[in-house]
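Novice: Quick one, what's the 3D model for this:
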Amino acid sequence: MNDTALRNTLTVNVVYLARLREAFGSAGEPLQLQVATVSATVNDVLTMLASRGGAFATELATGRAVRVAVNHALVSREARVRHGDEVALLPPVTGG
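Specialist: Below is the predicted model:
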């Protein structure tokens, strides 16, 4: 059996909020991940998006302040995501 046969496709619905919506030119998209198990992590999602380069690489670079919510609950980068989850990316809120 080859490596491709061991992988599953997991689709999450990514939502871009606030300045990220403008930076990426989109309010969101379905994102397919190739995974070896039935789940992946938030970090897997962020890594895949950042690998696109451009604004994605800049805004999602390690050390950049981006918060993540999975199904409306704020989570860490180690949190698991499963097929069909909503993964919302949002910059920290500042006010004045």
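
Novice: Quick check: Val66 touching Arg19?
Specialist: No: contact between Val66 and Arg19 fails when scored by C-beta atoms under 8 Å: they sit 10.1 Å apart. Quick note: C-beta positions are derived from backbone N, CA and C, even for glycine.

Novice: So for those two, which residues contact both of them?
Specialist: The contact sets of Val66 and Arg19 overlap at Pro91 (C-beta atoms under 8 Å, 6 or more residues apart in numbering).

Novice: In terms of packing, which of these two has more residues around it?
Specialist: Ranked by neighbour count (other C-beta atoms under 10 Å), Val66 and Arg19 place Val66 first, with 15 against 11.

Novice: what's the nearest residue to the more buried one if we skip its chain neighbours?
Specialist: Leu89 (5.7 Å; C-beta to C-beta, 6 or more residues apart in numbering).

Novice: who does the helix or strand where that neighbour lies pair up with?
Specialist: Secondary structure assignment for Leu89, by DSSP states H and E: strand 86-90. Paired with strand 86-90 in the same sheet, following DSSP bridges, are strand 8-16 (parallel), strand 67-70 (antiparallel).
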